[in-house]
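[1] What follows is a protein structure lacking sequence information:
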């Protein structure tokens, strides 16, 4: 199974610039070993099952709370599909090919 998680999570009680709080969340995702892509509005992660994706959401919340954040906002979108891992890169490559972009 392949689960794509599009996670946006940040503190709402730490001012207008929250990158310093989000960076440890991304570091935790990186350390998890799951493939991920950092974006301007969230992070896309691929896991092998729903439980792993949901656990990452919980751990991301814990990372923010451990930094003193008392109010956290999160959005999560999940795409769950039977089949092999690798959709994180394959979906982007497919659209790039349709656009005629050169392959890397």
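    Perfect, thanks for sending it. Not measured: the values here are computed from a predicted model.

[2] Buried residues, the worst-scoring helix or strand of the chain on mean pLDDT. List them.
    The helix or strand of the chain with the lowest confidence, counting by mean pLDDT, DSSP states H and E, is helix 87-99 at a mean of 93. For helix 87-99, the neighbour count (16 or more other CB atoms under 10 Å) marks 87, 88 as buried. All C-beta spots, glycine's among them, are computed from the backbone N, C-alpha and C.

[3] Check which helices and strands it sits against.
    strand 2-11, strand 43-47 (3 or more CB pairs under 8 Å, 6 or more residues apart in numbering; DSSP states H and E).

[4] wait, which of those strands is closest to residue 84?
    Closest of the helices and strands packed on helix 87-99 to residue 84 is strand 2-11, at 6.6 Å (criterion: CB to CB).

[5] who does the closest one touch, helix- and strand-wise?
    Counting by 3+ CB pairs under 8 Å, 6+ apart, strand 2-11 packs on helix 19-32, strand 43-47, helix 50-66, strand 72-81, helix 87-99.
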